[in-house]
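Asker: below are the sequence and a predicted model for it; my questions follow.
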Amino acid sequence: MAQDSFYATGKRKNAVARVWLTPGTGKIIVNKMDADDYFGQIFKSHKIVRPFKVTETLEQYDVMATLKGGGKSAQVDALSHGISRALLETNPENRIPLKQSGLLTRDPRMKERKKYGQKGARAKFQFSKR
């Protein structure tokens, strides 16, 4: 990538977003597709653009991201986290508004593991007395 690009990684559940920011017009490309095509209109509207709105850098950077793992919802959160961390690389003064709106915190909630001798994490097999 170019020298004036900024890289960061965002994560949520099993989704990992590798994000590159370059000065541009606000184009968002995810896995070589337009974000609207990849996610659908519902997701992009607020979560992906939120870090830019908070730091008042809307339509100043182009986003190029590769996403792996998780579902679409977790990938949106991972992308938002990655963009927030990349914006921190562009200007350290962005830290205060990003931190206050909770965009730099990685959401720690994960799926609970399935336990042996059970149906799922908490679901048990039906008990039979006879």
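Answerer: Structure received.
Asker: ok, the nearest residue to residue 101 once chain neighbours are set aside - how many residues close by?
Answerer: In this structure, residue 101 finds its nearest non-sequential neighbour in residue 54, 4.9 Å apart by Cβ to Cβ, 6 or more residues apart in numbering. Where C-beta positions appear, they are placed from N, C-alpha and C, glycine not excepted. Close neighbours of residue 54, defined as other Cβ atoms under 10 Å, add up to 20.
Asker: for residue 54, list the residues it contacts.
Answerer: 97-98, 101, 103 (Cβ atoms under 8 Å, 6 or more residues apart in numbering).
Asker: buried ones among those residues?
Answerer: Buried by 16 or more other Cβ atoms under 10 Å: 98, 103, out of the contacts of residue 54.
Asker: of the contacts of residue 54, closest to residue 40?
Answerer: residue 103 (21.9 Å; Cβ to Cβ).
Asker: surely the closest one touches residue 81?
Answerer: Yes: Residue 103 lies in contact with residue 81 (Cβ atoms under 8 Å); the separation is 7.1 Å.
Asker: what's the weakest-modelled helix or strand in this protein?
Answerer: helix 41-43 (a mean of 68; mean pLDDT, DSSP states H and E).
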